[in-house]
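> Quick one: sequence and predicted model below, then my questions.
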Protein chains: 2
Amino acid sequence: MTYCLATSVEEGQVFLSDSRTHAGTDQVSSYSKMHAFDSWPDRKFVVLSAGNLGTTQAVIHQLEQDIEDDADRSLYTVARMADAAEYLGELSRAEQSRYEEGPTAGFDPAVSFAIGGQIDGEDPALFLVYPQGNYIKTADSAPYFQLGETKYGTPTLERLLERSTPLEDCAQCALMVMDATMRYNVTVGPPVEVMLYRASSLELGPYRVFEEGDPYLLTLREARDAALRKLLHELPEIPWEPSES
Amino acid sequence: MTYCLATSVEEGQVFLSDSRTHAGTDQVSSYSKMHAFDSWPDRKFVVLSAGNLGTTQAVIHQLEQDIEDDADRSLYTVARMADAAEYLGELSRAEQSRYEEGPTAGFDPAVSFAIGGQIDGEDPALFLVYPQGNYIKTADSAPYFQLGETKYGTPTLERLLERSTPLEDCAQCALMVMDATMRYNVTVGPPVEVMLYRASSLELGPYRVFEEGDPYLLTLREARDAALRKLLHELPEIPWEPSES
């Protein structure tokens, strides 16, 4: 499993990813699931991935190869963020289609991607690219995408994230949710990467890797545990008799 | 889907259930998933169910029929709580086995049950009965069972529920978790039933049904939302530069 979260709010974007990959419980590794494209002054991209690691690496390699080869179509040449999502979806489909036939029963090459960032002249944008290659953009009512183990985080994100939420708050909220998800699903694990992109800056960062047991993550966990205990302590008593209406 | 929660702590037990059943999104109904057996002074049982409604009703009916028929084996005759779990598991298996053969492709008659309560002379006990008929008892380290849509509640329950948690706090915590689960999974829905059993009282209750929009559930939701926003507001800033070690 995986947990990645990308948020697009008024102040900018936050990208968050875990690093655990596994093929069964006895074949566990760490690979980065965050891929930044930071070479050009007029455009920045961050890609998050969840799914088959072979497909992920092949697609990321192709993104890089097309840039290096000065291909007609690459992240360097696309005119709009939506074109970047379309292009990423097509690469993903092409890679997966290699396994449609042949001795690959029970093998699932699917990968979901999130791609965010900004191209100069356009607003920042964030897309979720499905394994099928089609894609959706964040909406004002739903300013984030989760990949992988999404359920543990949903109640917190739905309560806290809005388009107007400050960027640093989004990052704190993301880290808090990541901590909970790692705690309750052992197939999500550190190191955790966080990247901020401030709208219209055309500069990626700050960026930070949190290793297992990082004191800040422990602080978040303790603060949340304490807040929940305090909440429970302060809740009004259950009215066992329904009120007259 | 379903959400049921049963907790067994030092002070007693809490039972909580939603009422939504569905066969597809356009065949939604309400049925109680909480079944109390309250006829005898020396023993009390509460059964929660999640899964196929036909199996559930057949099994509950058989539990009642065996009592009415003064059968050699019934909830009235079992000597221990574990025997009640064993008996419930056998009824469930027998009912499901009727559909092993014949024209029932794609049909899943499985049901999970939780059975709690107390038989005079024994401590209160709580069991989870799997669709296969086998069963497990709560442990000090894990004093609760969830049935159905378990993920939304886990982070809160794991943080708050211990064997020493007061019974009313368990019930408040359970209702808070139910509210979140109903909010994020539309196949879990009201009315919500809550039943308390105070250890060694051999009296069931208090019991309460919360209908949709009950003011107390709204209070819980607002209190939790406010606590989370306050927590986010008070979190320390992210240390973008790792501390020297």
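Cool, the structure landed. Numbering: from 1, shown residues only, chains lettered A, B, ... in the order given.

> contacts, neighbours, all on C-alpha from now
Will do.

> measure A:Val9 to chain B for me?
16 Å (Cα to the nearest Cα, to the nearest Å).

> my bad, A:Gly121
With Cα to the nearest Cα as the criterion, A:Gly121 and chain B are 29 Å apart.

> ok, that residue - how many residues close by?
Residues within reach of A:Gly121, counting by other Cα atoms under 10 Å in any protein chain shown, total 11.

> Check it and give its pLDDT.
Looking at A:Gly121, its pLDDT reads 97.

> now A:Gln118: how far from A:Tyr87?
The spacing between A:Gln118 and A:Tyr87, counted by Cα to Cα, to the nearest Å, is 15 Å.

> More neighbours: the two, which one.
Between A:Gln118 and A:Tyr87, A:Gln118 has the larger neighbour count (other Cα under 10 Å), namely 26 against 19.

> Quick check: closest non-adjacent residue to A:Pro143.
Excluding its sequence neighbours, the residue lying closest to A:Pro143 (Cα to Cα, 6 or more residues apart in numbering or on different chains) is A:Ser8, at 5.4 Å.

> Close to chain B: what parts of chain A are there?
Contacts of chain A with chain B, taken as Cα under 8 Å from any Cα of the partner chain, map to A:151-152, A:154-156, A:159-160, A:168-169, A:172-173, A:180, A:184, A:206-208, A:216, A:220, A:223-225, A:227-229, A:231-233, A:235, A:237-242.

> Can you show me the helices along chain A?
If DSSP state H is used as the criterion, the helices of chain A fall at A:53-68, A:81-97, A:154-160, A:167-184, A:215-234.

> wait, which of those is closest to B:Tyr130?
Comparing the helices of chain A against B:Tyr130 with Cα to Cα, the closest turns out to be helix A:167-184 (21.7 Å).

> Point out where chain A drops to low pLDDT.
Where chain A drops to pLDDT under 70, the residues are A:104-106, A:243-245.

> For A:Lys137, which non-adjacent residue is closest in space?
A:Phe127 (4.4 Å).

> now do A:Gly117
Using Cα to Cα, 6+ apart, the nearest residue to A:Gly117 is A:Phe45, at 4.5 Å.

> Beta-bridge partners for that neighbour, please?
On the basis of DSSP bridges, A:Phe45 is bridged to A:Phe37, A:Gly117.

> Run a quick neighbour tally on it.
A:Phe45, neighbours per other Cα under 10 Å, totals 24.

> That one and A:Pro124 touch, don't they?
No: with contacts counted by Cα atoms under 8 Å, A:Phe45 stays clear of A:Pro124, the gap being 9.8 Å.

> Now the common contact residues for these two.
Residues touching both A:Phe45 and A:Pro124 (Cα atoms under 8 Å, 6 or more residues apart in numbering or on different chains): A:116-118.

> out of these, who's nearest chain B?
Nearest to chain B out of the shared contacts of A:Phe45 and A:Pro124 is A:Gly117 (Cα to the nearest Cα; 20.0 Å).

> Surely the closest one and A:Ala84 touch.
No: if you go by Cα under 8 Å, A:Gly117 and A:Ala84 don't touch, sitting 10.1 Å apart.

> quick one, which of those two is more surrounded?
Comparing A:Gly117 with A:Ala84 by neighbour count (other Cα under 10 Å), the higher total belongs to A:Gly117, at 30 against 22.

> Identify the residues contacting the more buried one.
Neighbouring residues of A:Gly117 by Cα under 8 Å, 6+ apart: A:13, A:43-46, A:81, A:124-126, A:197.

> Out of the shared contacts of A:Phe45 and A:Pro124, flag the one nearest to A:Thr55.
A:Gly116 (19.6 Å).

> Spatially nearest residue to the closest one, not counting backbone neighbours?
A:Leu126 (4.1 Å).

> And that neighbour, how far from A:Gly117?
On the measure of Cα to Cα, A:Leu126 and A:Gly117 end up 7 Å apart.

> burial of A:Val59, as a residue count?
There are 22 residues near A:Val59, going by other Cα under 10 Å.

> let me redo that: A:Ser29
11.

> which ones are touching A:His168?
For residue A:168 the amino acid is Glu, not His. Counting by Cα under 8 Å, 6+ apart, A:Glu168 makes contact with B:237-238.

> can we see that at 10 Å?
A:Glu168 makes contact with A:11-14, A:174, A:196, B:237-238 under the criterion Cα atoms under 10 Å, 6 or more residues apart in numbering or on different chains.

> Looking at strand pairing, list the partners for A:Phe145.
Taking DSSP bridges as the rule, A:Phe145 bridges to A:Ala6.

> related to what we said a few turns ago, out of the shared contacts of A:Phe45 and A:Pro124, which one sits closest to B:Val59?
For the shared contacts of A:Phe45 and A:Pro124, the residue nearest B:Val59 by Cα to Cα is A:Gly116; the value is 52.6 Å.

> joint contacts of A:Leu126 and A:Gly117?
Joint contacts of A:Leu126 and A:Gly117 (Cα under 10 Å, 6+ apart) are A:8, A:13, A:45-47, A:81.

> I'm done for today, thanks for sticking with me.
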